[in-house]
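Visitor: just need the structure, nothing else, for what follows:
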Amino acid sequence: MADIEIHKVTGNIGARISGVDIAKPLDDDTVAALRAALNEHKALVFDDVDLDDEGQQAFARHFGDLTTAHPTVPAVADAPNVLPVDSERGRANHWHTDVTFVLNPPQASTLRSITIPPYGGETLIANSAAAYRDLPEPLRQLADTLWAEHTNDYDYAVPDEEIDEEQAAQRAQFTSIKYRTAHPVVRVHPLTGERGLFIGGFAQRIVGLSVGESRKILDLLQAYVTRPENILRWRWSPNQLVLFDNRITQHYAIDNYDGQPRRLHRVTVAGDVPVGVEGKESHSIAGDASHYTSVA
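Guide: The predicted structure follows:
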């Protein structure tokens, strides 16, 4: 196993990893060590990586089968597992967990820097397990019982009043297959047993409540996720890769770079079906994502 060094970035989330060349094939012990670090720190940063799209996919495959790029959004040319996260195609400046509108969202996501603006463009990543631990006991007991419907049938990146013709076409593509899935508001992590708030921007309604009632409860819980103490604010440098646990984090791309070019490439690892505190699995209401992901 490589001499892996792990340096915490904040008290609740994030670690920089050194001593391992992720451009090369990794042995089982190294992968196990990285998985253990991911379980503990939720987001891992690798500096000075020598990766192209193929290498990023090879690294991500150490953690499981890959999804395709996205259920509805086109991939990078000739790389069906790679999603371009490009400022010219919209900005995800909204808290979310990747693709929670499908039955089994990705278990892990990798982001690799391609084009970085000279300032701004940070990615925020929040620890939703820390958020759950922060809840007062009465709120924890309530959250444990709740389920939420997640859907892609709205655009989380572009407010309605700012839609132009090109953005309207992007929205139509994003919702070309409409998905609705019911997930537990509190998800139990399958490897660690930790409980985390599984909500974010695609969670639009609490099952059994009105839209207005749902929004009040979701906003209340979301405020714990986005406490500054629970957030890693990552300023990108060239040739960096960030691996984060999509089962127990949310993230947000800050739109603070004055419209300059910003591009990352995303590769995600197929996930399991979420399970709540009572052992009940999520269930699909609408939309088939079998073309996008296998079930881990």
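
Visitor: can you show me the helices along the stretch 51-200 of the chain?
Guide: In the stretch 51-200 of the chain, the helices defined using DSSP state H, counting those that start in this stretch lie at 53-61, 128-134, 137-145, 165-174.

Visitor: where in the stretch 51-200 of the chain is pLDDT low?
Guide: 88-92, 154-164, 166-167 (pLDDT under 70).

Visitor: which stretches of it form strands?
Guide: Here the stretch 51-200 of the chain has its strands, by DSSP state E, counting those that start in this stretch, at 83-86, 108-115, 123-127, 147-151, 180-184, 186-188, 195-197.

Visitor: tell me the strands beside the second one, with direction?
Guide: Strand pairing for strand 108-115, using DSSP bridges, gives strand 241-245 (antiparallel), strand 263-269 (antiparallel).

Visitor: indicate which one of those is closest to A69.
Guide: Comparing those by their distance to A69 (Cβ to Cβ), the top pick is strand 263-269, with 7.6 Å. For every residue, glycine as well, the C-beta is placed using N, CA and C.

Visitor: would you mind writing the CA trace of stretch 194-206 as CSV?
Guide: Below are the C-alpha coordinates for stretch 194-206, written out as CSV (Å, rounded to 0.1, in the frame of the first residue of the first chain):
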residue,chain,number,x,y,z
GLU,A,194,-24.2,7.1,10.3
ARG,A,195,-27.5,8.9,9.9
GLY,A,196,-27.5,11.9,7.6
LEU,A,197,-30.1,14.4,6.3
PHE,A,198,-30.9,13.3,2.7
ILE,A,199,-32.6,16.3,1.3
GLY,A,200,-31.2,19.1,-0.9
GLY,A,201,-32.5,21.0,-3.9
PHE,A,202,-34.3,18.1,-5.6
ALA,A,203,-36.4,17.4,-2.4
GLN,A,204,-39.5,19.3,-3.2
ARG,A,205,-42.2,17.9,-0.9
ILE,A,206,-42.6,16.0,2.4
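
Visitor: quick one, what contacts Q56?
Guide: By Cβ atoms under 8 Å, 6 or more residues apart in numbering, the contact list for Q56 reads V82, T110, R112, L241, H265, V267.

Visitor: would you check that H41 makes contact with N12?
Guide: No - contact criterion Cβ atoms under 8 Å: H41 and N12 do not qualify, at 9.1 Å.

Visitor: what about the residue nearest to G14 when sequence neighbours are not counted, helix or strand, and which?
Guide: Nearest residue to G14, sequence neighbours excluded (Cβ to Cβ, 6 or more residues apart in numbering): L232, at 3.8 Å. If you go by DSSP states H and E, L232 is part of strand 231-234.
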